[in-house]
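Chemist: Sequence and predicted structure below; questions after.
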Amino acid sequence: MVQTLIVAYETIDDNKYRKFAIDTFYWFLGKNSLNQEVYNDLTGGCHDGFGEHSLNMNQGAESIISYLLARLSIDSKEMNFLFDNEKANPDLIF
């Protein structure tokens, strides 16, 4: 999803897609309905998702690949610049 939103931003040049891409990436880091991190930066694991009330404790390869692809997309040269600018003003991120 992050990659799709970045392509939309680059193609249409509408900042709402940049914001959507960054917001979508933050889903992995706890900006989700459970306010829990799906990606674990201590172990490098990534939960498979979550149910209505809790994280799914499974951590499969597909989940970490999804996180890494999203992270690589956000960390690309242009997006990293935009991401750093938004860190300075959190109101732009959420």
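Modeler: Right, received. Where do you want to start? Numbers count the residues shown, from 1 in each chain.
Chemist: who's in contact with Asn32?
Modeler: Applying Cβ atoms under 8 Å, 6 or more residues apart in numbering, one finds that Asn32 lies in contact with Val38, Phe50. Every C-beta, even on glycine, is put in place using the N, C-alpha and C of the backbone.
Chemist: Over to Tyr39?
Modeler: Contact analysis of Tyr39 by Cβ under 8 Å, 6+ apart lists Phe28, Leu29, Gly45, Cys46, His47, Tyr67.
Chemist: separation between the closest residue in space to the first one that isn't next to it in sequence and Ile12?
Modeler: In this case it means Phe28. Counting by Cβ to Cβ, 6 or more residues apart in numbering, Phe28 lies nearest to Tyr39, which is 4.3 Å off, once chain neighbours are set aside. As judged by Cβ to Cβ, to the nearest Å, Tyr39 and Ile12 stand 28 Å apart.
Chemist: where does this protein dip in pLDDT?
Modeler: Applying pLDDT under 70 to the chain flags residues 77-94.
Chemist: go again using 50 as the cut-off
Modeler: By pLDDT under 50, the low-scoring segments of the chain are 88-94.
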